[in-house]
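Undergrad: Structure of the sequence below:
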Amino acid sequence: MRAGARTAVVIGAGFGGLALAIRLQSAGIATTIFEARDRPGGRAYVWEQDGHVFDAGPTVITDPACLEELWALPGADMAENVELVPVTPFYRLSWPDGTLFDYSNDDAALEAQIAALDPRDVAGYRRFLSYSEAVFEQGYRKLGAVPFLHFSAMLRAAPALLRRRAWRSVYAQVSSCVRNEKLRQALSFHTLLVGGNPMTTSAIYALIHKLERDGGVWFAKGGTNALVRGMAAHFQRLGGTLRLSEPVEAIETDGRRATGVRTRAGGSQSFDMVASNGDVVHSYGLIEGHRRGPEAVKRLKRKRFSPSLFVVHFGTEGSWPEVRHHSILFGPRYRGLLGDIYDRGVLPGDPSLYLHHPTATDPSMAPPGRSTFYALAPVPHLGKLGIDWKEEGAAYADAILALLEERLMPGLRARITTRFHYAPDDFERDLGAHLGSAFSLEPLLTQSAWFRVHNRDDAIPNLYFVGAGTHPGAGIPGVVGSAKATAGLMIDDPAR
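TA: Sure, this is the predicted structure:
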């Protein structure tokens, strides 16, 4: 790093923070990451228990090209640090009546399954695919890494959004193409993976279908946190500094610009630019010496935040060859269940589940002769459901395991050798997540693009944001795209 190089600090070593730091360091900006926890990852944390490797999530990797680009910046190869392996089918979907649907990008197999549900829906699916391709081109390729700093940028994007009927929900758009209710669920559930209600999330998010279809679904050998470790190693090889177990207590300002940060271990440290990958409410709450902090916190708290998650991690004796890497178990309700979670604040007694089975692809994630899983249920965030998870968590975990045993894994509970669960209050405590939200701001049309937290703050010119709360939103491609947008602004920042 040349003498006199600009300096930057990134708060938080999640996917967004690491991707941003790699881009800055590659551009010659001396970059330091401060991470509060004992290892990098943020929401992609990892635990080892009784020989099992338990990823916290996310576990679905799409668009590997956006990750490969981070290594290509300085002329390196991602394969030096990370091995990605394809997952097929992407997901096995199941319903209480025993219907199964293997979701993949094998067009012939996919259309055969659609025809089995309703032959008339094959043509409808093709119409949906055409729509998904169009919004993918507009919403992901053209706008996914473009910062919306001014309302004029939103106005320029508006005609394309209107042509694609962006005010409609994903579920409404799917329903306009296909008739079968199970297929409607199969083509709309993806918004849940980024915190959005299929009934209210903009139809632009139908682009996820095209994203998966073209890029596939992948798994990092060793688990998602192996990808995180690879990113951290790449960043440090470029000369960046990663400080773990060093939480930032304040973003310091001189009343106009950010001057640096104060950490619990190191005190005040000066930087030319400050970026946060932390929860947006928490991050604005760190600002000292500028009215922007409390004003932004007050404004953000009036917005709608995504639900939380309840996750049961467990290891078992033996293998489960009939259980795919990713399974979605739909419950008896869809619209009603989503209303309980997003609107009414009711803990569902009939949850839909996402089951992650990494040892289906990588047996090293468990001791020999054993298997590793996690089962995830969306639940209301702490602002809508005020229960004591320390009291209720074990019973809800038991109910989820009983449901898995009944629907998919006979004899499961007798074969469990280790388990623990992660609840909304854990998201709040460990990640500083406002209301324990697992995905930050809900991805409504009125909370997207310019309406989301800006990649560069409007009032403090050298303060930046990256991650799920900024444009374009949650999910690995989303936060990596936000890093690209934010890095472009920081690299062009005239501060010296």
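Undergrad: you'd agree Tyr187 is in a helix?
TA: Careful, residue 187 is Leu and not Tyr. Yes: per DSSP: H, G, I helix; E, B strand; the rest coil, Leu187 lies within a helix segment.
Undergrad: what helix or strand does Ala36 sit in?
TA: Using DSSP states H and E, Ala36 sits in no helix or strand.
Undergrad: how about it, what does it touch?
TA: 12, 245-248, 432 (CB atoms under 8 Å, 6 or more residues apart in numbering). No exception for glycine: its C-beta is placed from N, CA and C like everyone else's.
Undergrad: For the closest residue to Ala19 other than its chain neighbours, what is the enclosing helix or strand?
TA: Of all residues not flanking Ala19 in the chain, Ala483 sits nearest, at 3.6 Å (CB to CB, 6 or more residues apart in numbering). Assigned by DSSP H and E, Ala483 falls within helix 476-491.
Undergrad: Now that helix - C-alpha only, PDB.
TA: Extracted in PDB, the C-alpha atoms of helix 476-491 (Å, rounded to 0.1, in the frame of the first residue of the first chain):
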ATOM      1  CA  ILE A 476     -25.900 -13.100  -1.000                       C
ATOM      2  CA  PRO A 477     -26.200 -11.600  -4.500                       C
ATOM      3  CA  GLY A 478     -28.100  -8.600  -3.000                       C
ATOM      4  CA  VAL A 479     -25.500  -7.700  -0.400                       C
ATOM      5  CA  VAL A 480     -22.600  -8.400  -2.800                       C
ATOM      6  CA  GLY A 481     -24.300  -6.100  -5.300                       C
ATOM      7  CA  SER A 482     -24.700  -3.500  -2.500                       C
ATOM      8  CA  ALA A 483     -20.900  -3.800  -2.000                       C
ATOM      9  CA  LYS A 484     -20.200  -3.100  -5.600                       C
ATOM     10  CA  ALA A 485     -22.500   0.000  -5.600                       C
ATOM     11  CA  THR A 486     -21.000   1.300  -2.300                       C
ATOM     12  CA  ALA A 487     -17.400   0.600  -3.400                       C
ATOM     13  CA  GLY A 488     -17.900   2.700  -6.600                       C
ATOM     14  CA  LEU A 489     -18.900   5.600  -4.500                       C
ATOM     15  CA  MET A 490     -16.100   5.300  -2.000                       C
ATOM     16  CA  ILE A 491     -13.400   4.800  -4.600                       C
END
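Undergrad: Show me which positions of it end up buried.
TA: Residues of helix 476-491 classed as buried: 476-491 (neighbour count, 16 or more other CB atoms under 10 Å).
Undergrad: Tell me the one among the contacts of Ala36 nearest to Arg324.
TA: Gly12 (32.5 Å; CB to CB).
Undergrad: and the closest residue to that closest one other than its chain neighbours, how many neighbours?
TA: Computed as CB to CB, 6+ apart, the closest residue to Gly12 that is not its neighbour in sequence is Asn277, at 3.5 Å. Asn277 has 31 neighbouring residues, counting by other CB atoms under 10 Å.
Undergrad: Check Asn277 and give its pLDDT.
TA: On pLDDT, Asn277 comes in at 98.
Undergrad: if I look at it, how far off is Tyr464?
TA: For Asn277, the distance to Tyr464 (CB to CB, to the nearest Å) stands at 10 Å.
Undergrad: likewise Ala438?
TA: Going from Ala438 to Tyr464 by CB to CB gives 23 Å.
Undergrad: go on, Tyr374?
TA: 33 Å.
Undergrad: quick one: which of the two has more around it?
TA: Each of Tyr374 and Tyr464 has its neighbours counted (other CB under 10 Å); Tyr464 has more, 27 against 22.
Undergrad: Which strand residues bridge that one?
TA: Ala275, Arg456 (DSSP bridges).
Undergrad: need the contact list for it.
TA: Contacts of Tyr464 (CB under 8 Å, 6+ apart): 273-276, 455-457, 486, 489-490.
Undergrad: Let's see that with 7 Å instead.
TA: 273, 275, 455-456, 486, 489-490 (CB atoms under 7 Å, 6 or more residues apart in numbering).
Undergrad: Kindly indicate which of the residues you listed lies nearest Gly260.
TA: Met273 (9.7 Å).
Undergrad: Farthest-apart pair in the contacts of Tyr464, please.
TA: Met273 and Asn455 (12.3 Å).
Undergrad: In three-state terms, how would the closest residue to Leu401 other than its chain neighbours be classified?
TA: In space, and not counting its chain neighbours, Leu401 is closest to Arg413: 5.7 Å by CB to CB, 6+ apart. Secondary structure, three-state DSSP: Arg413 is helix.
Undergrad: Quick check: the gap between Arg413 and Asp398.
TA: With distances taken as CB to CB, Arg413 is found 8 Å from Asp398.
Undergrad: got it, and Tyr140?
TA: Here the distance between Tyr140 and Asp398 works out to 40 Å (CB to CB).
Undergrad: Of those two, which one has the most company?
TA: More crowded of Tyr140 and Asp398, by other CB under 10 Å: Tyr140, with 22 against 14.
Undergrad: Which element, helix or strand, includes the closest residue to the more buried one other than its chain neighbours?
TA: Excluding the flanking residues, the one nearest Tyr140 by CB to CB, 6+ apart is Leu207, at 5.1 Å. Using DSSP H and E, Leu207 sits in helix 207-215.
Undergrad: thinking again about what came up before, and which of the contacts of Ala36 is nearest to Ile114?
TA: Distances from Ile114 to the contacts of Ala36, taken by CB to CB, are shortest for Gly12, at 41.6 Å.
Undergrad: quick one: secondary structure of the closest residue to Arg262 other than its chain neighbours?
TA: Nearest non-adjacent residue to Arg262, counting by CB to CB, 6+ apart: Ala250, 4.3 Å away. Secondary structure, three-state DSSP: Ala250 is strand.
Undergrad: Check whether Ala250 really touches Gly285, as I assumed.
TA: No: counting by CB atoms under 7 Å, Ala250 does not reach Gly285; the two are 9.6 Å apart.
Undergrad: and the two? which has more neighbours close in?
TA: Neighbours were tallied for Ala250 and for Gly285 using other CB under 10 Å; the higher tally belongs to Gly285 (19 against 16).
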